[in-house]
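*Asks:* Give me a 3D structure for the following:
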Amino acid sequence: MAYKDFNIRSYNGLIDKGRVEDLERRCAVGPAEHVFFIDTMGDPICRIRNSPMYNMLVAELNNELVGVIQGSIKQVTVRKYLAKVGYVLGLRVSSTHRHKGIGSSLVHHLVRWFVANQADYAYMATDKDNHASINLFAKLGFVRFRTPAILVHPVNNSSFHLSPNIKIAKLKVEQAEFLYRKFMGSVEFFPHDIDKVLGNKLSLGTWVAYPRGQTWCDQFGIGGGQVIPNSWAMVSVWNSTQVYKLRIGKQTVSCFLYKMYSRLIHKLFPCFELSEIPDFLEPFGFYFMYGVHQEGPGSGKMVRALCKYVHNMARKAQECKVLVTEVGGENKMKLYIPHWKLLSCSEDLWCIKALKNEERNSPLHEMTKSPATRPPLFVDPREV
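*Replies:* Residues are numbered from 1 along each chain as shown. Now for the predicted structure:
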C-alpha cells in the first residue's frame, strides 16, 4: 500500500486513548521465549510521561489506528560531553497492516521531531533476535553500539538473609545526587537532570552498603570534607508498578517445569526452601534497580547485599513480582546481581544514529568500537 494512504499525526488523548490501549494489548513485546503484553492502566503515554520532553505519534488508515510510536528527549553524557539525545520506544504496528511502510514512516516522523528540537543523536533498544526491528532501523541509518544485559529475579515469599557485617543506609536525595554526579557523571548516557530522576515520586530511594564498623561522613562530602570506605556500593529503586503492568503471553517450557518441580519438592519436603516463580500469566508489576555502582575490591559483596535488601523490601509490595536491572553486557557487576537466566536477557541490543554531521573521530565512532573500549552505561528508569 502506498505511503499516501495512511496519515501520521500527534496523539490526541480524547480520541486515541482507547484505540492505542487496544493496539498495545494486541502487540506482543520481548524475546520469542518470553512474549509479554503491556497494560498501560489507562495512560498510554505512561512510559514517557516522566521524561523532560516527550511526544507520541499515531498512524491512521481509513479512520483505523494502525500504528503508534513514542519518543523522549533529554541531555546526557556522551563520551564525557553533554549531548541532547532522543529515545525511540513503543513502536507498534497492527499485525494486519505490516509491510506497508507504516513503521518506517513513524520512525522517520519522530526523528524529524528530534531534529526540530536540536537533538544530537537518536537511539533505541530492541531484542537481539527481533530481526524485523533491527532491519528496519538499520535501513534508517541506525547502527549497533551496545548490548546490555537485562537481569530479572522473581520476588518470592522467602526473604534473603542479610550479612551482619554489611551496613545499609538510605540516602537523602541531595546526598544521592552528589554521589552520582561525582562517581557516575562521566558514565555513558548519565542524565544531566539526575536530580529530577531521584526526586521523582516513582523513585523509592537510594541506598548505600559498606562494611559495618567503618566510618562514612554524615555529610557525604557535601559542603565539606568526606570520609568514604574503601569498598562500597549504591543502588536506586524505581517503582514501575505504578506505571504499567506486564503479562506473559507464553510460558516457557523451563518456567513450567521449574514451577511443577518446586511444587513437588514443597509437597514432599515441606521444610525445604525452594523459590517459586510467581504467576506471570496474570498482570504484574516490577521494581527497576538503576544507578547500580560499586567502588573498591570488596564491593561485589555490597552490590549483592543491596539487591537482597531491595528484594526483601519488594516482598511488602503486593503488585511487585520481579526485580529488574540492566547493566552493560561486558560489565562484571552482573556476577553479583542475583538473577535467573531463564527470565533474563543476556543481550538487549541498543542502536544509535547521529542527527548531525560528524567526523570519523566523533563520539558516535568511539561508541561503536570494540567492547573492550566501552565504558559503563547508565540506564534511565524513565525509559524502561
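*Asks:* ok, residue 210 - how many residues close by?
*Replies:* Around residue 210 there are 25 other residues, counting by other Cβ atoms under 10 Å. C-beta here means a position set from N, CA and C on the backbone, and glycine is covered the same way.
*Asks:* for residue 287, that is, sorry about that
*Replies:* The number of residues near residue 287, taken as other Cβ under 10 Å, comes to 24.
*Asks:* Would you list the phi and psi of it?
*Replies:* Main-chain dihedrals, residue 287, degrees, to the nearest 10: phi -100, psi 140.
*Asks:* Quick check: pLDDT value at it.
*Replies:* Here, the pLDDT recorded for residue 287 equals 98.
*Asks:* and it, what is it in contact with?
*Replies:* Contacts for residue 287 (Cβ atoms under 8 Å, 6 or more residues apart in numbering) come out as 204, 237-241, 310, 314, 317, 320, 322-324.
*Asks:* Go through these and name the one nearest residue 357.
*Replies:* residue 238 (35.9 Å; Cβ to Cβ).
*Asks:* From residue 326, how far off is the closest one?
*Replies:* 11 Å (Cβ to Cβ, to the nearest Å).
*Asks:* ok, now residue 85?
*Replies:* 17 Å.
*Asks:* quick one: which of the two has more around it?
*Replies:* A direct count of neighbours by other Cβ under 10 Å for residue 85 and residue 326 places residue 326 higher, at 25 against 21.
*Asks:* Please enumerate residues in contact with the host helix or strand of the more buried one?
*Replies:* According to DSSP states H and E, residue 326 maps onto strand 320-327. Contacts with strand 320-327, where a contact means Cβ under 8 Å, 6+ apart, come from 148-155, 240-241, 278, 280, 284-290, 292, 307, 310-311, 314, 333-334, 337, 343, 348, 376-377, 379, 384.
*Asks:* From the residues you listed, which land in helices?
*Replies:* Counting by DSSP state H, the contacts of strand 320-327 place 307, 310, 311, 314 in helices.
*Asks:* I'd like the residues you listed laid out as a markdown table, including pLDDT and distance to residue 245.
*Replies:* Formatted as a markdown table, the ones in helices among the contacts of strand 320-327 follow (pLDDT from 0 to 100; distance: Cβ to Cβ, whole Å):
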| residue | pLDDT | distance to residue 245 |
| --- | --- | --- |
| 307 | 97 | 23 |
| 310 | 98 | 19 |
| 311 | 97 | 20 |
| 314 | 97 | 15 |
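*Asks:* Closest to residue 47 out of these?
*Replies:* residue 314 (20.5 Å).
*Asks:* Just list the residues touching the closest one, thanks.
*Replies:* 155, 287, 320, 323.
*Asks:* Repeat the analysis, applying 10 Å as the threshold.
*Replies:* Residue 314 sits next to 153-156, 204, 237, 239, 241, 285-287, 289, 320-323 when contact means Cβ atoms under 10 Å, 6 or more residues apart in numbering.
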